[in-house]
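J.: build me a structure from this.
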Amino acid sequence: MPKPVDLNTLFDPEANQHMWTETGIEPNSVLPPQYVVNDNIKAGIVAMHAQDRAEEEMHRLGIELRNMVGWLHNRLQKIETTLSLCTGEHGATHGSLV
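T.: As a prediction, this is how the structure comes out:
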């Protein structure tokens, strides 16, 4: 269990040395955790993070695509309305613009 942080000395670099020297390795452990020493596990962790970021980016790109298609649809509707008003065909649709 970590020691409580003294809030009065929180920003003092000389205080709370245990925060800066904590390794996360149990003192009675004979071997360090595999994520520290095993290159395959370290590479796997990096790969998992990269996959997570790629999935997040695909989600964001999907949202951006829907926004762009919605914007384009709106613009086309405005063009159709403008053309029909200019040509006196109010209410008619121009299938070639859709």
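J.: contacts for stretch 52-69?
T.: By C-beta atoms under 8 Å, 6 or more residues apart in numbering, no residue outside stretch 52-69 reaches it. C-betas here are computed from N, CA, C, even on glycine.
J.: and it, what's buried?
T.: Going by neighbour count (16 or more other C-beta atoms under 10 Å), nothing in stretch 52-69 comes out as buried.
J.: okay, the spatially most central residue of the chain: pLDDT?
T.: Nearest to the mean C-alpha position of the chain, counting by C-alpha atoms, centre = their mean, stands residue 56 at 5.0 Å. pLDDT recorded at residue 56 is 97.
J.: what are the phi and psi angles of the residue of the chain positioned farthest from its centre?
T.: Farthest-out residue of the chain from its mean C-alpha position, per C-alpha atoms, centre = their mean: residue 88, at 49.2 Å. Reported as degrees, to the nearest 10, the phi and psi values for residue 88 are phi 80, psi 20.
J.: ok, residue 3 next?
T.: The phi/psi pair for residue 3 (degrees, to the nearest 10) reads phi -80, psi 150.
J.: chain center to the helix or strand hosting residue 77, what's the gap?
T.: Element membership of residue 77 [criterion: DSSP states H and E] is helix 39-87. Relative to its chain's centre, helix 39-87 lies at 13 Å (C-alpha atoms, centre = their mean, to the nearest Å).
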